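Undergrad: No sequence on hand, only this structure:
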């Protein structure tokens, strides 16, 4: 299985100290998917209000909360925001892009949270949307 990275590239894995590329994937398909997700993200960017972002920032800043607690909160926020899903869009695609937009907005608000937010977001996306991303790439 090939993992789609934020920049549209595929990941590789180290095996015996050498980078082992994943199975061949049509790079044009990945670029098209990434461009489409970016377009959706640009539209969503305007719809995510500062109050929602600031609430998530407070959760990330709270050192007492575990990654799992923050991920549960992020999942709840994504589900709540996804209720405004356009009728012509797949729910998984909308929620995936929404998670990426929230990540971007949080990091733009408090850059020092980059590592914690990115790590949590990658784990969240892998848990919630891994199969969807794999299906998009292999379609």
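TA: Now that the structure is in, tell me what you want to look at. Predicted model only: the values in this text are computed from it and were never measured.

Undergrad: The residue most central in space within the chain and residue 124, how far apart?
TA: Centroid-nearest residue in the chain, with Cα atoms, centre = their mean: residue 100, separated by 3.7 Å. For residue 100, the distance to residue 124 (Cβ to Cβ, to the nearest Å) stands at 10 Å. Quick note: C-beta positions are derived from backbone N, CA and C, even for glycine.

Undergrad: repeat for residue 79
TA: 12 Å.

Undergrad: can you check residue 81 too?
TA: When Cβ to Cβ is applied, the distance between residue 81 and residue 124 equals 14 Å.

Undergrad: ok, which stretches of the protein are helices?
TA: Secondary structure of the chain by DSSP state H: the helices cover 27-45, 50-61, 67-81, 91-109, 114-138.

Undergrad: which one of those helices is the most hemmed in?
TA: Mean neighbour count (mean count of other Cβ atoms under 10 Å) peaks for helix 91-109 among the helices of the chain, with a mean of 19.

Undergrad: relative to helix 67-81, how tilted is that helix?
TA: Orientation note: helix 91-109 sits at an angle of 120 degrees relative to helix 67-81 (axes from the mean of the first three to the mean of the last three Cα atoms, to 10 degrees).

Undergrad: Report the contact partners of the residue nearest to the centre of the chain.
TA: Residues touching residue 100, when contacts are defined by Cβ atoms under 8 Å, 6 or more residues apart in numbering, comprise 6, 37, 41, 121, 125.

Undergrad: how does it look with 10 Å?
TA: Contact partners of residue 100, counting by Cβ atoms under 10 Å, 6 or more residues apart in numbering, are 6, 37-38, 40-41, 44, 121, 125.

Undergrad: next one: residue 117
TA: By Cβ under 10 Å, 6+ apart, residue 117 lies in contact with 56-57, 60, 70, 74, 102-107, 109-111.

Undergrad: let's see 7 Å
TA: 60, 103, 106-107 (Cβ atoms under 7 Å, 6 or more residues apart in numbering).

Undergrad: swap in residue 37?
TA: If you count contacts by Cβ under 7 Å, 6+ apart, residue 37 has them with residue 97.
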